[in-house]
Each structure stands twice: as structure tokens, then as C-alpha cells.
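K.L.:
predicted structure and sequence below. I'll ask about it afterward.
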Amino acid sequence: MQDLKITVIQSDIHWEDIDANLAMFEEKIWRIGESTDVIVLPEMFTTGFTMAGPRLAERMNMRTFKWMKQMADQTGALILGSFITLVHDRYYNRLLWMEPGGSFKTYDKRHLFRMADEQHVYSLGESLLIGHWKGWRICPLICYDLRFPVWSRNRWNATLKKPTYDLAIYVANWPKVRINAWDTLLKARAIENLSYVVGVNRVGTDGKGIEYNGLSSIISPKGDSVFTVEGMEAIKTVAISGNSLLSYRDKFPTLLDADDFSVEVEPIPEEDY
């Protein structure tokens, strides 16, 4: 595995203003100033964490989709971030995995934040995404998913003789009042899954008066902070080591002793939305 260069963009977000946010993040992407393999944007980076899905949702292949395709093509990097989509009359908090050339994948947030009534506006996702990029297997997730370790549990693939993924990426709007949980759980997910973990959060105050202080981080499989930034906007590119990951897994192969289990996912009946 080659090293992977990851760019974290920690930013304030214009409340419910898609055009302003696309213009702002485009400027920030051009300020990266060096080659990179992966660019990570926060959760709902075009609007902030809003329940105004019926008013702000975009269909696939519209503004944000086309913008992410353009950014991926121009930078040569994989770009990840979530936004509000409308699919078959249902709204989703959807992460878009956009590669240069237009190949893309999607992940719909599985765990909807009931304390904000997210489950009453958006439909939950039904499957995990494991994507392949530059020799790395990457599992992207969204905010509240971080609290549910079973969903993201790395498994040992006996046939391939390797874990399912090498890197988990969480995009978030995680408030300052609960930032200690964010920091603790990012490290826990890295340790228990023998993987790197990247968490990208926002800063600033949203339209509901909720304050965010970022603490975007890159965590090693040992649970050490490779990079972290708090309380300010930031654009940072960090290389994570494939050789270090493989070496640590060889010396400390805890996944070989993990309990075997399966996760059965049943869609919530439509009448419950």
C-alpha cells in the first residue's frame, strides 16, 4: 500500500445557502496548494445540518453533484461530503463519493439523529459502503454513525487474509457541547478496527444557534492523533502510511480474535417516516 494524502477542510457553513457554500468550498479547494489523493468536506456542507430537506433537497446529477464532479476532475482527487438529496420522493442525508472522471458511489446516513428529529425528515440508509481508492479500502460514514460501533465494525476476511477496510472517514456537524464524545469515539473506532480514522467537522454557529468547534482529526490505528485542529477554519493535507498500517496489523492482529456476528438491516416501514 502506498501512502495516502488526505486533505481535511474544516470550515464554517453558510446557513441553508447552497450557492454560497459551493463558491466558498471551491475557493478553499483551490487553496490546498499541493497534490492530494482525498478531499473531505463536512456533513451537509452545502446547507448546514438542517431539517429543511423538502425545501433544499437536490436530485442527483444536479448542482452539487456536478460541482463535485468538476472539483474531482480539476484536482485529480477523490472528494467526499454529504448533502441533501431527493430520490423517489424520499429525502436522504447522502454522502457522495466522487472520483475524477465521474465514477461515483453513495452512502445514505444509517443512524438519523432523533434529538433533532432527523428521522422524521430523512430516510435511513440500508447498506454500508466500502470503496477502493489508490490501493486503500475506505469506509465513509456520517456524524451520528460514530456512536454505533457494530455498524462500522471491521471484519477479518479469511479469503483475502486482510480486514474489510483500511480507513474510516466520518463527515460531521458535531456540536461543541458534545465534542469530548467525538474525540473519544474517533479514537475508539480506530483502535477497535485496526484502521486509520478521519473525522471532519465544521466550525462556527449554525442558523439554530448551535456552536461547533471542529476538532477535525486524523487518528492512527493505535489511537494516536496524527493531526487535529480545533476552533478555527483550516485546510490541511496529511499523508498516512500504508506500510505503518500493515506493520502494526502484523504485530497486533486483534481482528483475528474478534467475535463473529452478522448485521440484519430491515428498512423502517414507510408509514413510520
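P.N.:
Structure's in. What do you need?
K.L.:
and the residue lying closest to Ala116 once chain neighbours are set aside, how many neighbours?
P.N.:
Nearest non-adjacent residue to Ala116, counting by Cβ to Cβ, 6 or more residues apart in numbering: Met51, 6.5 Å away. The C-beta positions use only the backbone N, C-alpha and C, and glycine is treated the same way. Using other Cβ atoms under 10 Å, Met51 has 17 neighbouring residues.
K.L.:
what sits against Met51?
P.N.:
Each residue near Met51 by Cβ atoms under 8 Å, 6 or more residues apart in numbering is listed here: Ala116, Asp117, Glu118, His120, Val121.
K.L.:
quick check on the residues you listed: which are buried?
P.N.:
Among the contacts of Met51, those scoring as buried are Ala116, Glu118, Val121 (criterion: 16 or more other Cβ atoms under 10 Å).
K.L.:
which stretches in the stretch 151-273 of the chain count as helices?
P.N.:
Using DSSP state H, counting those that start in this stretch, the helices found in the stretch 151-273 of the chain span residues 179-193, 242-251.
K.L.:
tell me where the stretch 51-200 of the chain has strands.
P.N.:
78-87, 90-98, 104-108, 131-133, 136-142, 156-157, 162-163, 167-171, 196-200 (DSSP state E, counting those that start in this stretch).
K.L.:
and the ones you listed: which comes nearest Val150?
P.N.:
strand 136-142 (12.5 Å; Cβ to Cβ).
K.L.:
helices and strands around that closest one, which ones?
P.N.:
strand 90-98, strand 104-108, strand 131-133, strand 167-171 (3 or more Cβ pairs under 8 Å, 6 or more residues apart in numbering; DSSP states H and E).
K.L.:
can you pull out the low-pLDDT segments for the protein?
P.N.:
265-273 (pLDDT under 70).
K.L.:
skipping adjacent residues, who's closest to Met98 in space?
P.N.:
Per Cβ to Cβ, 6+ apart, closest to Met98 is Met68, 4.2 Å.
K.L.:
ok, Pro163 next?
P.N.:
Closest to Pro163 by Cβ to Cβ, 6+ apart is Asn154, at 4.8 Å.
K.L.:
that neighbour contacts Tyr196, correct?
P.N.:
No - using Cβ atoms under 8 Å, Asn154 makes no contact with Tyr196, being 11.2 Å away.
K.L.:
so for these two, which sits in the more crowded spot?
P.N.:
Tyr196 (25 against 22).
K.L.:
now for the more buried one: which residues touch it?
P.N.:
Counted by Cβ under 8 Å, 6+ apart, Tyr196 has contacts Asp166, Leu167, Ala168, Ala190, Ile218, Ile219, Ser220, Pro221, Val226, Ile240, Leu245.
K.L.:
format the residues you listed as JSON lines; extra columns: distance to Ile29.
P.N.:
Below are these laid out as JSON lines (distance: Cβ to Cβ, whole Å):
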{"residue": "Asp166", "distance to Ile29": "24"}
{"residue": "Leu167", "distance to Ile29": "20"}
{"residue": "Ala168", "distance to Ile29": "23"}
{"residue": "Ala190", "distance to Ile29": "26"}
{"residue": "Ile218", "distance to Ile29": "18"}
{"residue": "Ile219", "distance to Ile29": "24"}
{"residue": "Ser220", "distance to Ile29": "26"}
{"residue": "Pro221", "distance to Ile29": "28"}
{"residue": "Val226", "distance to Ile29": "22"}
{"residue": "Ile240", "distance to Ile29": "20"}
{"residue": "Leu245", "distance to Ile29": "27"}
